[in-house]
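Q: This is a predicted model, with the sequence first.
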Amino acid sequence: MSKFLWKGLLISPAVLAASLVVSSTALAVEQPVEIATAAQADKLQLAGAATEAAKSETAKPDTAEPASLASKSTVETIEKESASLYKGFTHDLIAPVAEQAKAPEVAAADLGETKPAVAPANLSPEQPVAEQIPAVAPANLSETQPPAPLANLNAEKAAAQPDQISQSTDSSAQPQAQSYLLEQINQYSTEGSSSEDAAGQVTSVSQLSDVRPTDWAFQALQSLVERYGCIAGYPDGTFRGNRAMTRYEFAAGLNACLDKVSELIQGGSRNLATREDLASVQRLQEEFATELATLRGRVDVLEARASELEANQFSTTTKLNGEVIFGLAGIARGDDAEGREADKATAFGSRVRINFDTSFSGEDLLRTRLQVLNLGSFSTNNTKTAEGELRFNAGPFAEASNTVGLDALLYQFPIGKSTTVILEANAGAADDFVNTVNPYFDGDGSYGALSNFGTRNPIYYLIGGSGIAMRHQFGEKLELSLGYMTGNAADPTRGNGLFNGSYGGLAQLTFTPSDSIALGLTYVNSYNVVTGTGSNASNFPARLASFGLDSDSNMPVSSNSYGAQASWQLNRRFAIGGWAGYTNQRILSNLTTPTGSVQRGDQKIWNWAVTLAFPDLLKEGNVAGIIVGMEPRVTSSTNRTLPEDKDTSLHVEGFYQFKLSDNISITPGLIWLTAPDHNKNNSDLVIGVVRTTFTF
């Protein structure tokens with residue numbers, strides 16, 4: 001027995017003497033199992049020093065000392081500890097053994113619960129103690145495992161033999177390091193032992209929808225990022241290690257680090273990746289192989305598409321888009337404004353627009369629009385009133401042609417975060433800078449309402465041409481829109497120009513308390529401009545001939561208009577809206593013609609409408625709309641020579657916009673005027689329309 005302790009444990013003569021006493025006592029009572037108990041206690045006492053030696057070798061494999069030095073250090077440590085333990089050693093170990101010798105039946109009972117010690121008979125004196133420790137490990141512990149599983153092994157022993165440890169050792173005689181080690185073992189052995197914790201434990205990052213900052217994979221990638229700086233995509237230049245990442249985001253970061261490590265290796269840089277980092281990279285590659293493969297597949301597809309776009313791009317700064325409208329329209333029945341039966345001819349025409357949208361900073365917009373109109377106006381020869389005029393034809397009382405013209409030229413750019421400025425060089429309109437608060441209907445003829453009146457409140461038509469506009473946001477719910485435009489800004493002759501000719505100035509406050517509700521309050525001041533909707537009386541300065549006044553002179557008029565618009569989307573499939581508009585139009589001078597005269601005076605003009613929209617009716621993307629209202633009507637006049645509308649005509653319009661594809665839609669609809677030109681003596685007028693819109 002003494003030979004075994006001398007060669008296997010390399011302890012001092014003092015410890016050897018104690019061991020001999022234990023051995024002789026055990027042999028005297030013929031209880032071999034007690035020898036195993038004492039030997040097991042000795043091994044547990046030596047576990048602290050031996051484990052520390054093993055840990056030091058594992059932590060620094062490149063700088064570890066030779067095995068002989070480790071053995072020498074371990075022996076010296078044991079000899080020092082044995083001197084302090086000598087006095088109480090015989091009493092602490094021998095006394096319990098002697099008591100057990102007197103009660104062999106107790107030892108026999110303990111034998112069933114005690115694992116026999118593994119005798120290190122195959123060890124040689126040349127082997128260091130650090131290499132001898134695995135000899136007492138269970139068979140399921142591999143030699144390549146780190147020290148943490150070794151602590152679990154000790155915990156398993158402590159749980160299996162609590163009685164033997166308490167009987168063989170005295171806590172007051174243990175070294176401080178050994179006591180701390182056993183305390184850790186007990187703590188780790190009870191951690192997460194409840195069935196509730198075990199059932200909810202996640203053993204792999206692949207079981208998570210996100211990779212969290214506490215996961216080993218996240219920490220490994222963060223270490224790579226800090227070492228090699230392979231992720232610099234965030235504006236603040238940090239890895240943002242306090243938030244979870246999706247597996248694909250994580251794979252993107254890992255892919256960047258893989259590229260960086262490959263670059264260092266191929267470039268022969270002095271700062272090569274360490275062996276530990278390469279091991280981490282390999283483990284991460286295995287864990288996220290699926291995500292990396294998917295990511296690289298997506299990147300390949302995107303690169304192919306980008307190459308195709310670059311090869312076929314129109315311009316690096318300009319985007320080409322356009323629309324083509326085919327319109328089939330005709331009058332089904334009714335009288336014109338003069339009381340005669342309206343011509344029931346059916347017309348087929350088109351409107352073509354091509355937009356060149358250019359951006360120089362990504363936030364600005366230069367729009368150049370070319371337009372061709374070849375669908376004539378019904379108001380010129382058929383209805384002889386601006387009521388019911390279509391939005392996508394040549395316009396009220398205008399002739400169509402196949403001439404390509406510059407329809408719009410504007411440039412808008414931001415000033416700060418809340419203000420946008422719009423410069424209108426040609427054919428500007430209110431909807432370029434203001435919210436007309438008429439969703440599903442104001443599509444400027446391309447979609448939504450078919451008529452001028454149904455598209456927006458008529459007072460918006462009192463501003464147009466060339467000028468400047470501005471939009472300013474007061475937070476997220478309130479917007480101020482301002483604009484000034486003139487009809488003949490490019491004409492330097494007298495009575496024209498930017499400030500001396502016809503003009504319109506608009507101001508509007510738009511309140512949007514939520515995504516489904518919008519309110520607008522509008523004021524427009526204009527000079528020599530008419531709405532192009534409603535009765536001839538409401539457009540009196542431009543319709544003198546319709547009242548028998550033979551004159552080529554224009555009557556100077558000014559107007560102040562006020563409007564209120566509202567829209568409320570009650571749910572995904574229903575929205576209600578409408579507006580009311582009032583215009584005070586003043587004739588500024590007297591006019592005498594061979595056929596009559598007109599004196600100064602004021603006209604009060606009103607209009608209103610209620611709109612109902614049914615989005616996604618029957619199919620997603622389709623829209624049905626109903627408009628019921630009164631087009632501009634002169635309700636009173638301060639001078640008998642000024643015309644006045646005595647009756648009221650209702651404008652009833654319905655349409656159904658059917659979406660064939662993302663680029664093609666067909667919109668059939670009807671426009672019904674109950675008393676054309678606000679004259680009940682004229683029979684109802686019905687206009688049928690089929691509009692087909694192509695966008696590209």
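A: Yes, it's here.
Q: where does the stretch 201-350 of the chain dip in pLDDT?
A: Residues of the stretch 201-350 of the chain that meet the criterion pLDDT under 70 lie in 201-210, 214, 227, 231-243, 248, 266-273, 296.
Q: which residues in it form helices?
A: In chain order, the stretch 201-350 of the chain shows helices spanning 216-228, 247-267, 275-287, 289-312, with DSSP state H, counting those that start in this stretch as the criterion.
Q: The second one vs helix 216-228, what angle?
A: On the basis of axes from the mean of the first three to the mean of the last three C-alpha atoms, to 10 degrees, helix 247-267 is oriented at 40 degrees to helix 216-228.
Q: Helix 275-287 and helix 247-267, what's the angle between them?
A: For helix 247-267 against helix 275-287, the angle by the same axes, to 10 degrees is 140 degrees.
Q: again with the longest one
A: With the same axes, to 10 degrees as the basis, helix 289-312 and helix 275-287 are set at 80 degrees to each other.
Q: Which of the three states applies to F614?
A: Under DSSP: H, G, I helix; E, B strand; the rest coil, F614 falls in the strand class.
Q: name the element the residue nearest to it when sequence neighbours are not counted belongs to?
A: Closest residue to F614 apart from its sequence neighbours, by C-beta to C-beta, 6 or more residues apart in numbering: A624 at 4.2 Å. (C-beta placed from N, C-alpha, C; glycine too.) Using DSSP states H and E, the secondary-structure element containing A624 is strand 623-637.
Q: by contact count, what packs against that strand?
A: helix 452-455, strand 574-587, strand 601-615, strand 651-659 (3 or more C-beta pairs under 8 Å, 6 or more residues apart in numbering; DSSP states H and E).
Q: So in that sheet, which strands flank it, and in what orientation?
A: Partners of strand 623-637 in the sheet, by DSSP bridges, are strand 601-615 (antiparallel), strand 651-659 (antiparallel).
Q: and the angle for that strand with strand 574-587?
A: Orientation of strand 623-637 against strand 574-587 (the same axes, to 10 degrees) gives an angle of 30 degrees.
Q: what ranges of the stretch 501-650 of the chain fall below the confidence cut-off?
A: 551-553.
Q: returning to that earlier point: any idea which of the helices and strands packed on strand 623-637 is most buried?
A: A comparison of those by mean neighbour count, using mean count of other C-beta atoms under 10 Å, puts helix 452-455 on top with a mean of 28.
Q: what element comes up after that helix heading to the C-terminus?
A: For helix 452-455, the succeeding helix or strand toward the C-terminus, using DSSP H and E, is strand 464-474.
Q: Residues contacting that next one, please?
A: 418-430, 432-434, 479-490, 498, 502-504, 529 (C-beta atoms under 8 Å, 6 or more residues apart in numbering).
Q: can you rerun that using 6 Å?
A: 418-425, 428-429, 433, 479-487, 489 (C-beta atoms under 6 Å, 6 or more residues apart in numbering).
Q: Now the helix or strand just after it: buried residues?
A: Using DSSP H and E, the helix or strand that follows strand 464-474 in sequence is strand 478-486. Along strand 478-486, these residues count as buried under the neighbour rule (16 or more other C-beta atoms under 10 Å): 479-481, 483-486.
Q: Tally up the residues packed near A537, please.
A: The number of residues packed near A537 is 23, by other C-beta atoms under 10 Å.
Q: tell me the secondary structure for it?
A: Here A537 is recorded as coil under three-state DSSP.
Q: pretty sure it is in contact with L642, am I right?
A: No - counting by C-beta atoms under 6 Å, A537 stays clear of L642, with 8.1 Å between them.
Q: for A624, what are its contacts?
A: Residues counted as contacts of A624 (C-beta under 6 Å, 6+ apart) are 614, 617, 656.
Q: Recalculate using a threshold of 10 Å.
A: 440, 573, 612-618, 654-658, 667, 669 (C-beta atoms under 10 Å, 6 or more residues apart in numbering).
Q: and the gap between it and P668?
A: Computed as C-beta to C-beta, to the nearest Å, the A624 to P668 distance reads 11 Å.
Q: Common neighbours of those two, please.
A: Taking C-beta under 10 Å, 6+ apart as the criterion, A624 and P668 both touch 654-658.
Q: From E308, how far off is the residue nearest to F614?
A: Look at A624 and E308: by C-beta to C-beta, they are 39 Å apart.
Q: Please apply the same query to P668.
A: Distance of P668 to E308, computed by C-beta to C-beta: 38 Å.
Q: does the residue nearest to F614 have beta-bridge partners, and which?
A: A624 has these beta-bridge partners by DSSP bridges: F614, Y656.
Q: about what we covered before: how about the helices and strands packed on strand 623-637, which one is nearest D550?
A: For the helices and strands packed on strand 623-637, proximity to D550 was assessed by C-beta to C-beta; strand 574-587 is nearest, at 17.8 Å.
Q: what helices or strands is that closest one leaning on?
A: Using 3 or more C-beta pairs under 10 Å, 6 or more residues apart in numbering; DSSP states H and E, the elements in contact with strand 574-587 are strand 517-527, strand 557-571, strand 601-615, strand 623-637.
Q: Save those as JSON lines, and put in distance to T692 too.
A: Conversion of the helices and strands packed on strand 574-587 to JSON lines gives the following (distance: least, C-beta to C-beta, whole Å):
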{"stretch": "strand 517-527", "distance to T692": "30"}
{"stretch": "strand 557-571", "distance to T692": "27"}
{"stretch": "strand 601-615", "distance to T692": "20"}
{"stretch": "strand 623-637", "distance to T692": "15"}
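Q: if we can go back for a sec, what is in contact with A537 and L642 at once?
A: 547, 603, 634.
Q: Identify the residues contacting the last one.
A: Spelled out, it's V634. 534-540, 583, 585, 603-606, 642-646, 678.
Q: now with 6 Å?
A: V634 makes contacts with 537-538, 603, 605, 644-645, as judged by C-beta under 6 Å, 6+ apart.
Q: ok, and the closest non-adjacent residue to it?
A: In space, V634 is closest to A537, 4.3 Å off (C-beta to C-beta, 6+ apart).
Q: How much space separates the nearest residue to N500 once chain neighbours are set aside from A311?
A: Distance criterion C-beta to C-beta, 6+ apart; nearest residue to N500, sequence neighbours excluded, is R494 at 7.2 Å. Distance of R494 to A311, given as C-beta to C-beta: 55 Å.
Q: so R333 touches V686, yeah?
A: Yes - counting by C-beta under 6 Å, R333 touches V686, with 5.2 Å between them.
Q: Looking at these two now, which is surrounded by more residues?
A: V686 (17 against 14).
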